[in-house]
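predicted model, plus sequence, below.
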Amino acid sequence: MQKRYIAFILAILMLVSCFSGCGGNEINNNVETTAKPEITTVKQYDDNSFKLSYTQADSLDPFKCASQNNQVLASLVFEPLFDINESYEATPNIATGYTFTDSKTLKVDINTNLKFSNGRSITIDDVLYSSKAALKSKAYSSALSCIKSVYSEGNSIYFNLRYANPYAVNLLSFPIASCKDDKNGFPVGSGRYRYSKKDGDTVLTANKTDDFNPYFTTISLVNIAAQDSIDNAVNIGNISFAFRDMSTDTSKRFSCNKKMVAMNNLVYIGINSYSGITSNSNIRKAINLAVDREALAENAYSGYANPATSTFNPDFKGIDEIKLFSVNADISSAKQAVYQSGYDDSKLNIRILVNNNANKVAVANLIKSQLELVGFRVTIDRQNQKNYIKKITDTNFDIYIGEVKLSDDMSLYPFFSSNGGVRYGVNGKKFTCDNLYFGFLSGNNELGKFILAFNDEMPYVPLIYRKGMLCYSKALNGDIQGYNGNLFSNIDTWNYN
């Protein structure tokens, strides 16, 4: 009886164990066969929040607009023949390439398979129209002064140059626009955005492609013309982004996010080589040696500048030039140059002419201190802009603090050409470096000859290259990579997420 009872209990336990095992297998099978939900990423867009300033009273035509506001917008709407990178190197955009048919003729081939934002093909007539318009425009004519004329043959544009210039392709970064406006009267380009209307207001609408699919599909335009108002609008968030060239006062404070932008604006010492103490080459050398360029960049421009270490912008990769100038003062060598000049201490008087620009005044004060360390007695002649210009044109100065925006081909013609815009005080009869510079461009002599002559004659003293600023809302996300040739270089990666 007891054996039968034990057998009965064992049978029940085996039966329970069997059901338990089957149940476990069924649960595992259910886990393994349950489908996982698919996760899809939806691209987000914003057609309202991003805002830029513009000048409503000014034209949106890139060849007619006068305001920096609208020129900045043009870089989003129009594309150039060639893009210029941060090293001043040209890469084809609407153009496919270029060749020099002779030293003064630049042939540029055009990609006619490209289209404007309205779907119309870019023709050679559009490129010819844009080139001629740029040559006549206030915005581009100065930088394009090297170009004498332009004509077309087949799918190529020919630029006739006033002088031999192996870097002339760098000038071809002006906008290419359709010779026909759209139905709303807006100029048409082939850029990342186009002008359009939204609820009666002028906006920028993205030209979305496989390669350009931005978060900001619409950019609102806010009519803010005055520079101070633009600065304040960025600070308080009324606009999202602005470029400031910092031409008036780098000490101004911004509460927004900021990024420095290198520029080709040279601040220099102009020298009267016609008469007075500065007509002596050793005195000019002493002035150059006494200058502390690093102090000027850091103190007079609050770091918004790079010291000029040669006759060309240090960012320019087209010319491999040695560092000609030290970033720091060399007081000992400056004193030696004064001694070699033959002037005694009683005649070491110099007058610095400067306008009322706050940064330029700061430069003048620093240079005064630096020259005094060498033994000069220095006075500062501070004038309003009108009187400053008159004194310069009359060569009524010993030295002056000047600034020139050099073109992207790094041309020094403003200093060396007989009708150069900043040739004041440069006595061409005393110098050989100007002709050696022209000879270098035409391939008749090496760069080194020009450099040695410049250092010996010192017709002017390069000081610093100013920087500008990209200022933008703290709410804006993304690695802002804009530079002077393309302020919105990676705008398709910016967002408010």
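Cool, the structure landed. Remember, predicted model here, so these are calculated numbers, not experimental data.

so which residues of this protein form helices?
Assigned by DSSP state H, the helices in the chain fall at 2-33, 68-77, 124-136, 227-236, 281-290, 293-295, 331-341, 358-372, 385-393, 413-416, 433-442, 447-457.

excluding its backbone neighbours, what's nearest residue 297?
Using Cβ to Cβ, 6 or more residues apart in numbering and skipping the chain neighbours, the partner closest in space to residue 297 is residue 305 (4.0 Å). Where you see a C-beta, it was placed from the backbone N, CA and C, and this is true even at glycine.

check contacts around residue 79.
Listed by Cβ atoms under 8 Å, 6 or more residues apart in numbering, the contact partners of residue 79 are 93, 94, 175, 176, 189, 190, 191.

determine which two of those residues are furthest apart.
93 and 189 (11.6 Å; Cβ to Cβ).

so which of the two has more stuff around it?
Shown here are residue 93 and residue 189; by other Cβ atoms under 10 Å, residue 189 has more neighbours (28 against 18).

and the residue lying closest to residue 348 once chain neighbours are set aside, what's its pLDDT?
With Cβ to Cβ, 6+ apart as the criterion, residue 348 has its nearest non-adjacent residue at 4.7 Å, and that residue is residue 376. As predicted, residue 376 sits at a pLDDT of 97.

so residue 376 touches residue 350, yeah?
Yes. Residue 376 is within contact range of residue 350, at 5.1 Å (criterion: Cβ atoms under 8 Å).

the two: which is more packed in?
Higher neighbour count among residue 376 and residue 350: residue 376, with 23 against 20, using other Cβ under 10 Å.

give the contact list for that one.
290, 348, 349, 350.

need the contacts of residue 79 in TSV (columns: distance to residue 139 and pLDDT).
Formatted as TSV, the contacts of residue 79 follow (distance: Cβ to Cβ, whole Å; pLDDT from 0 to 100):
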residue	distance to residue 139	pLDDT
93	18	97
94	18	98
175	9	97
176	14	98
189	15	97
190	19	97
191	16	97
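
grab the nearest non-local neighbour of residue 430.
Distances taken as Cβ to Cβ, 6+ apart put residue 273 closest to residue 430, at 5.7 Å, once the chain neighbours are dropped.

quick one: contacts for that neighbour?
The neighbours of residue 273, taking Cβ under 8 Å, 6+ apart as the test, are 279, 284, 425, 426, 427, 430, 431, 459.

now the contacts of residue 376: which count as buried?
Neighbour-count burial (16 or more other Cβ atoms under 10 Å) applied to those gives 290, 348, 350.

closest to residue 149 among the residues you listed?
Set against residue 149, the nearest of those by Cβ to Cβ is residue 350 (44.4 Å).

gap between residue 460 and residue 427?
Per Cβ to Cβ, to the nearest Å, residue 460 is found 12 Å from residue 427.

again, but for residue 323
Applying Cβ to Cβ, the value for residue 323 to residue 427 is 27 Å.

what about these two, which has more around it?
Per other Cβ under 10 Å, whichever of residue 323 and residue 427 has more neighbours is residue 427, with 16 against 11.

may I have the phi/psi pair for that one?
phi -90, psi 100 (degrees, to the nearest 10).

need phi/psi at the closest residue to it other than its chain neighbours.
Sequence neighbours aside, residue 273 is the residue nearest to residue 427 in space, at 4.4 Å (criterion: Cβ to Cβ, 6+ apart). Torsion angles at residue 273 (phi, psi; degrees, to the nearest 10) stand at phi -100, psi 10.

quick check, pLDDT for residue 273.
Here the pLDDT value assigned to residue 273 is 96.

and it, how far from residue 428?
The gap separating residue 273 from residue 428 is 9 Å, by Cβ to Cβ.

name the nearest residue to residue 260, sequence neighbours excluded.
residue 467 (4.8 Å).

any weak-confidence spans in the stretch 201-350 of the chain?
Along the stretch 201-350 of the chain, the model assigns pLDDT under 70 to residues 249-252.

the strands in it, which residues?
For the stretch 201-350 of the chain, the strands defined by DSSP state E, counting those that start in this stretch cover 201-206, 218-223, 241-244, 257-271, 305-307, 349-354.

can you redo these as TSV with distance to residue 381?
TSV is the format used below for the strands of the stretch 201-350 of the chain (distance: least, Cβ to Cβ, whole Å):
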stretch	distance to residue 381
strand 201-206	47
strand 218-223	40
strand 241-244	29
strand 257-271	13
strand 305-307	23
strand 349-354	5
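
closest one to residue 48 among those strands?
The minimum distance between residue 48 and the strands of the stretch 201-350 of the chain falls on strand 218-223, with 6.7 Å, by Cβ to Cβ.

can you mark which positions in that closest one are buried?
Across strand 218-223, burial judged by 16+ other Cβ under 10 Å covers 218, 219, 220, 221, 222.

then stretch 363-370?
Buried residues in stretch 363-370 (16+ other Cβ under 10 Å): 363, 364, 365, 366, 367, 368, 370.

looking at those, which is nearest residue 162?
Nearest to residue 162 among the buried residues of stretch 363-370: residue 363, at 32.5 Å, using Cβ to Cβ.

hang on, the closest one packs against residue 267?
Yes. With contacts counted by Cβ under 8 Å, residue 363 reaches residue 267, the gap being 6.6 Å.

which neighbours do those two have in common?
Joint contacts of residue 363 and residue 267 (Cβ under 8 Å, 6+ apart) are 296, 401, 463.

top of the residues you listed by number of neighbours, please.
Neighbour tally across these (other Cβ under 10 Å): the maximum, 27 neighbours, falls on residue 463.

leaving out sequence neighbours, find the closest residue to that residue.
Nearest residue to residue 463 in three dimensions, chain neighbours excluded: residue 267, at 4.9 Å (Cβ to Cβ, 6+ apart).

what's around the one you found, how many residues?
The tally of other residues near residue 267 (other Cβ under 10 Å) stands at 24.

give the bridge partners for it, please.
With DSSP bridges as the criterion, residue 267 is bridged to residue 403, residue 464.

measure it to residue 402 for me?
Counting by Cβ to Cβ - residue 267 and residue 402 are separated by 7 Å.

and the residue nearest to residue 157 when sequence neighbours are not counted, how many neighbours does it have?
Nearest non-adjacent residue to residue 157, counting by Cβ to Cβ, 6+ apart: residue 108, 4.8 Å away. When neighbours are defined as other Cβ under 10 Å, residue 108 has 24 of them.

residue 345 too?
Applying other Cβ under 10 Å, we find 9 residues neighbouring residue 345.

spit out the contact partners of the residue nearest to it when sequence neighbours are not counted.
The spatially closest residue to residue 345, leaving aside those adjacent along the chain, is residue 375, at 5.9 Å (Cβ to Cβ, 6+ apart). Shown in contact with residue 375 (Cβ under 8 Å, 6+ apart): 335, 338, 345, 348.
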